[in-house]
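In: Build me a model:
(one chain, ligands or ions: 1)
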Amino acid sequence: MHRRKLLQLFWPALPVFPQYLETRGEAPWVPTPDEVIDTMLRLTRVGPNDIVYDLGCGDGRIVIAAAKNFGARGVGIEIEPELVAEARAAAKDARVESRVEFIEQDLFKADFSRATVVTLYLFTRMNERLKPRLLNELKPGSRVVAYQFNGMGDWKPLEVVTTHNHPVYFWVVPDPPR
Ligand SMILES: C[S@@+](CC[C@H](N)C(=O)[O-])C[C@H]1O[C@@H](n2cnc3c(N)ncnc32)[C@H](O)[C@@H]1O
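Out: The predicted structure is shown next:
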């Protein structure tokens with residue numbers, strides 16, 4: 001069986017063995033349900049002036065929804081080439097290809113400083129590793145939203161909403177300390 005399909009099959013059991021996958025440094029592709037995407041984009045109040053970055057974008061569904069339903073622009077960063085190809089095809093089907101871009105890249109090497117909204121469906125440890133860059137490289141007032149996994153430690157979310165049995169965490173990048 002294809003490795004991606006196998007990982008999706010075992011996703012419900014992930015709370016039992018997330019550390020195995022986390023030590024491999026990878027969150028497998030598991031799509032965020034549409035209802036959760038809507039919650040994430042509404043919590044961040046995405047609009048036409050926003051640039052939404054989905055770090056580990058899978059088949060691009062969050063970025064495409066942000067463009068199609070909220071008029072935003074978006075960039076998806078994804079390490080798996082076949083998912084990048086799927087995302088580009090899906091953007092064409094949704095007729096938002098002029099508003100979105102998909103980049104095949106390791107998200108830890110990506111420049112996401114242009115983002116006004118960052119969406120995450122990654123593991124806790126991946127979020128932990130991203131935290132200093134989110135705080136230092138995004139402009140104050142930028143919004144960050146994460147599904148299921150937190151990892152931001154003492155950077156407390158402004159709001160937590162439970163949907164599909166899992167929390168959605170919402171943060172706003174604060175002004176730098178004076
Ligand atoms: C749980 S899925 C979330 C997909 C998408 N964001 C969504 O919500 O539908 C995590 C995605 O992150 C990608 N990924 C994992 N590690 C990555 C890395 N280091 N750089 C870029 N993408 C990565 C995986 O290939 C997978 O598509």
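
In: what's the residue of the chain found nearest the ligand in contact with, if anything?
Out: For the chain, the residue closest to the ligand is residue 56, as judged by C-beta to the nearest ligand atom, at 2.4 Å. Every residue, glycine included, has its C-beta placed from N, CA and C. Neighbour list for residue 56: 27, 77, 78, 79, 107, 120, 121, 122, 126 [criterion: C-beta atoms under 8 Å, 6 or more residues apart in numbering].

In: Report the beta-bridge partner residues of the closest residue in space to residue 167 that isn't next to it in sequence.
Out: Excluding the flanking residues, the one nearest residue 167 by C-beta to C-beta, 6 or more residues apart in numbering is residue 160, at 5.0 Å. As for beta bridges, residue 160 partners with residue 169 under DSSP bridges.

In: So residue 160 is in contact with residue 169, correct?
Out: Yes. Judged on C-beta atoms under 8 Å, residue 160 makes contact with residue 169 at a distance of 5.5 Å.

In: okay, the two: which has more neighbours?
Out: A side-by-side neighbour count of residue 160 and residue 169, using other C-beta atoms under 10 Å, places residue 169 first with 24 against 12.

In: Go ahead and list the helix or strand containing residue 37.
Out: Element membership of residue 37 [criterion: DSSP states H and E] is helix 34-43.

In: who does the helix or strand following that helix touch, helix- and strand-wise?
Out: Next along the chain after helix 34-43, taking DSSP H and E as the criterion, comes strand 51-55. Packing partners of strand 51-55 (3 or more C-beta pairs under 8 Å, 6 or more residues apart in numbering; DSSP states H and E): helix 61-70, strand 73-78, strand 117-120.
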